[in-house]
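> How does the following fold in three dimensions:
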Amino acid sequence: MTERVDFYVLDRSGVKSRWTFACRLAEKAYLRDLRVVLASQTREDATALDDLLWTFNERSFVPHDVHLPGGVPTAPVQIAVDLESVPAADLLVNLSDGLPVGWERFARIAEIVDGDEEQRRRGRERFKSYRDSKLPVETHRLNDGAGA
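I've put the predicted structure just below:
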C-alpha cells in the first residue's frame with residue numbers, strides 16, 4: 001500500500017535531467033538499504049538508464065539490473081518497463097509518461113517532472129490521480145543542479 005508520493009519538479013528541461021536526478025534518488029535509497037524500482041517508458045529507455053546508473057557519478061556504485069519479465073531480481077535497484085512482473089519495493093521512481101500499472105504495491109513513489117511544458121502537463125495529470133486516490137502528495141521544487 002502506497003504511503004506517500006513525492007513530486008520533484010526540476011527547473012531544467014530534458015530527459016537527461018530527469019534521469020540523472022532519478023539516479024541520485026536511487027543511490028540515496030540504496031545507501032539506506034531500500035529496494036528501488038525505476039519505471040521506464042520503453043526498453044530503449046531502460047537500457048539508457050542502465051548505462052547512466054554506471055556513469056552518472058564516478059564515485060558511486062549502485063547495484064542494479066534491467067528486469068526482464070520472468071526474471072528473478074537480484075540487485076536492490078531494478079529498472080523495469082513492465083511493473084507487473086517486478087516484486088514490490090520500498091520506492092518506485094516513475095519515469096514513464098503515465099501512472100504505471102501496479103503502482104499501488106510500492107510504499108513510496110517518486111515522480112520527477114522537468115521544465116518541459118508537456119512533461120508538466122503529464123505530471124499534473126498524475127498528481128491529480130494520486131490526489132483522487134486520497135494519497136498524501138508533496139511537491140519539491142528544485143533549482144538546477146539540486147541534489148536528491
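
> and the helix or strand hosting T20, what does it pack onto?
Applying DSSP states H and E as the criterion places T20 in helix 15-31. Helix 15-31 sits against strand 4-10, strand 36-39, helix 43-55, strand 77-80, strand 91-94, strand 108-113, with contacts defined as 3 or more C-beta pairs under 8 Å, 6 or more residues apart in numbering; DSSP states H and E. Where C-beta positions appear, they are placed from N, C-alpha and C, glycine not excepted.

> Provide the strand pairings for the second one, with the direction of each partner.
What it means is strand 36-39. strand 77-80 (parallel), strand 91-94 (parallel) (DSSP bridges).

> so where's this protein uncertain?
144-148 (pLDDT under 70).

> Look up the residues forming beta bridges with the residue most central in space within it.
Nearest to the mean C-alpha position of the chain, by C-alpha atoms, centre = their mean, lies V93 at 1.7 Å. V93 forms beta bridges with L38, A110, as assigned by DSSP bridges.

> now do Y8
Beta bridges link Y8 to I112, H140 when assigned by DSSP bridges.

> for L49, what are its contacts?
Residues in contact with L49 (C-beta atoms under 8 Å, 6 or more residues apart in numbering) are W19, A22, C23, L38, S40, I79, L95.

> try 7 Å this time
With contacts defined as C-beta atoms under 7 Å, 6 or more residues apart in numbering, L49 is in contact with W19, L38, S40, I79.
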